[in-house]
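J.: give me coordinates for this.
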Amino acid sequence: TTPLGKRERERERVAMNTTTGRSLAPTKLHVPGCGRRRQQNNYRTNDRRGRRRPSGGTTNAASKNYTLTLLPGDGIGPEIMRVAVDALHEVGRKHDIGFSFEEKLVGGAAIDAFGTPLPEDTLECCKQSDAVLLAAIGGYKWDALEANMRPERGLLGLRAGMEVFANLRPAVVLPQLADASSLKKDIVSGTDIMVVRELTGGIYFGEPKGFGTNDKGERIGFNTMVYSELEVDRIAKVAFEIAQKRGGKLCSVEKSNVLEVSQLWKERVIKQHENYKDVDLSHMYIDNCAMQVIRDPKQFDTIVTGNIFGDIISDAASMLTGSIGMLPSAAVGSSGPGLYEPVHGSAPDIAGQDKANPLAQVLSAAMLLRYQFGEEAAAKSIEEAVNTTLDQGFRTGDIMQEGMKLVGCTQMQEALMKNLSK
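T.: So this is what the prediction gives:
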């Protein structure tokens, strides 16, 4: 595994694929089976006549075939992953797409089995696949472990090892859930924001960092916020590419009135704008942006920002939507497989009780289809099925509203698959 903070990805260019729909990373050559025995999984799905299809890792032959590594992880992860795999099988049937699945352990499940949150075998399989679909990592069971052995370190190791540096966090307020937002409906209705967060640099990874003693003998803690030109250039390119395919507006968020690192950030974003004149570029300080996202979220289309600022803004934007259980995300790099996962956690308190909301996991699969493979029609099929299911009144506990039908993960899956198969 690439050591955390030791990024060896200082490349001369960012290879962006703009010829296949909205894909951000060029599809690599298909690598069947990751070169090792297929790990059997428990995912079952329906055939077109509604019969239960036997367990297995591969769909029928199709004109396009992709290998996906599945990381169910911990807590509710295995439950919601089953729903996403079901959806991929069905959308593949409808759009002549074949999938091969490799299931691997990560996080707490990997700690229990192998004594490490990220086994070498898991990382290698992820790097050789066409894309990676992750469910959730972590739980109370592992909270007492040393920091470098906790499940969350597996996620950080995945990001570093897969060389993904751009985190895509959409915050879309669905009309069916606008009343569930913590803000007034007239403020949030119609909100559709994409936060593009730099993921592997900035203050979380900068050196030096640690503890020490100052001249007065007082104990201190310190971190370093640092970005290179290349790191800013490559995340800016990703953001401009996305903005071109959305509303054509990009807001760069920093703190250039105080921080030298933000002055460099702003300078490089302006430089990259020379290549994307069709995009309307604006700039905003992080403190103002945090306020504006709450005051008038519809003013934003695409936001690009650094690691810590993106951490803050994406979480703030997520609460506009009514439930974190509805939000997908992606992490992509210059090339190779991306990492797609729901924003929510592992929810160990409801694991195994058929209470989990699987829709963010399913929407993460839709993001995978769109951004990794340029399969826009297939992605839209999943998103439309989710919307129809919500229109029909089905709600899990986290998004329950008066007059709606409370269901668990299994019933939500059944309703979704019925709509997806139409």
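
J.: and stretch 382-402, end to end?
T.: 26 Å (Cα to Cα, to the nearest Å).

J.: touching it from outside, list them.
T.: The contact list for stretch 382-402 (Cβ atoms under 8 Å, 6 or more residues apart in numbering) reads 87, 91, 174, 176-177, 179-180, 322-323, 325-326, 355-357, 359, 362-363, 365-366, 369, 403-409, 411-412, 415-416, 419-420. In short, each C-beta sits where N, CA and C put it, glycine included.

J.: any quick PyMOL command for the buried ones out of the residues you listed?
T.: Those of the contacts of stretch 382-402 that count as buried under 16 or more other Cβ atoms under 10 Å are selected in PyMOL with:
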select buried, resi 87+91+174+176+177+180+322+323+325+326+355+356+357+359+362+363+365+366+369+407+408+409+412+415+416+419+420
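
J.: what's the local residue count around L390?
T.: L390: 22 surrounding residues under other Cβ atoms under 10 Å.

J.: actually V258, not the one I typed
T.: Count around V258 with other Cβ under 10 Å applied: 12.

J.: name the SS class of it, please.
T.: coil (DSSP: H, G, I helix; E, B strand; the rest coil).

J.: give me the distance between it and V232.
T.: Distance of V258 to V232, given as Cβ to Cβ, to the nearest Å: 17 Å.

J.: residues of stretch 215-233 that come out buried?
T.: M225, Y227, L230, E231, V232, D233.

J.: how about residues contacting that stretch?
T.: 10-11, 14, 165, 198, 201-204, 206-214, 259, 261, 264-265, 268-269, 271-272, 306, 308.

J.: need the buried ones from those residues selected in PyMOL.
T.: Restricted to buried positions by 16+ other Cβ under 10 Å, the PyMOL selection for those reads:
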select buried, resi 14+165+198+201+202+203+204+206+261+264+265+268+269+272+306+308
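
J.: low pLDDT regions in the stretch 301-422 of the chain?
T.: Judged by pLDDT under 70, the stretch 301-422 of the chain has no weakly predicted residues.

J.: repeat for the chain
T.: For the chain (pLDDT under 70), the answer is 1-61.

J.: could you look up the SS state of the residue most central in space within it?
T.: Nearest residue to the geometric centre of the chain (Cα atoms, centre = their mean): S329, 2.2 Å. On the three-state scheme (three-state DSSP), S329 is labelled strand.

J.: who does it form a beta bridge with?
T.: When bridges are called by DSSP bridges, S329 pairs up with E341.

J.: for it, give its distance to I303.
T.: Distance of S329 to I303, computed by Cβ to Cβ: 14 Å.

J.: returning to that earlier point: distance to R246 and secondary structure added to the buried residues of stretch 215-233, as a markdown table?
T.: As requested, those are arranged in a markdown table below (distance: Cβ to Cβ, whole Å; DSSP: H, G, I helix; E, B strand; the rest coil):
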| residue | distance to R246 | secondary structure |
| --- | --- | --- |
| M225 | 28 | coil |
| Y227 | 24 | coil |
| L230 | 25 | helix |
| E231 | 23 | helix |
| V232 | 21 | helix |
| D233 | 20 | helix |
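
J.: with the residues you listed in mind, which one is nearest to L158?
T.: Closest approach to L158 among these (Cβ to Cβ): E231, at 19.1 Å.

J.: in a strand, G190, correct?
T.: No - if the criterion is three-state DSSP, then G190 is coil and not within a strand.

J.: enumerate every residue touching it.
T.: If you count contacts by Cβ under 8 Å, 6+ apart, G190 has them with V173, K298.

J.: repeat that for R153.
T.: Applying Cβ under 8 Å, 6+ apart, one finds that R153 lies in contact with P117, L118, A147.

J.: redo that, cut-off 10 Å
T.: The contact partners of R153, by Cβ atoms under 10 Å, 6 or more residues apart in numbering, come to T1, L4, G107, I111, T116, P117, L118, I137, L145, E146, A147.

J.: mind listing what's buried in stretch 374-386?
T.: The neighbour-count check on stretch 374-386 (16+ other Cβ under 10 Å) flags G374, E375, A378, A379, S381, I382, E383, A385, V386 as buried.

J.: hey, where'd the helices end up in the stretch 101-250 of the chain?
T.: Listed in chain order, the helices of the stretch 101-250 of the chain (DSSP state H, counting those that start in this stretch) span 108-114, 120-128, 152-162, 185-188, 229-245.

J.: make a markdown table out of those helices and add distance to S334.
T.: Formatted as a markdown table, the helices of the stretch 101-250 of the chain follow (distance: least, Cβ to Cβ, whole Å):
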| stretch | distance to S334 |
| --- | --- |
| helix 108-114 | 27 |
| helix 120-128 | 14 |
| helix 152-162 | 11 |
| helix 185-188 | 34 |
| helix 229-245 | 6 |
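
J.: before we move on, the earlier item: select from the buried residues of stretch 374-386 every entry located in helices.
T.: A378, A379, S381, I382, E383, A385, V386 (DSSP state H).

J.: find the nearest non-adjacent residue to the fourth one, please.
T.: Spelled out, it's I382. Excluding the flanking residues, the one nearest I382 by Cβ to Cβ, 6 or more residues apart in numbering is A366, at 4.1 Å.

J.: check for me that that neighbour belongs to a helix.
T.: Yes - the assignment for A366 (three-state DSSP) places it in a helix.

J.: that one touches A377, doesn't it?
T.: No - using Cβ atoms under 10 Å, A366 makes no contact with A377, being 11.1 Å away.

J.: shared neighbours of the two, anything?
T.: With Cβ under 10 Å, 6+ apart, A366 and A377 have common neighbours V91.
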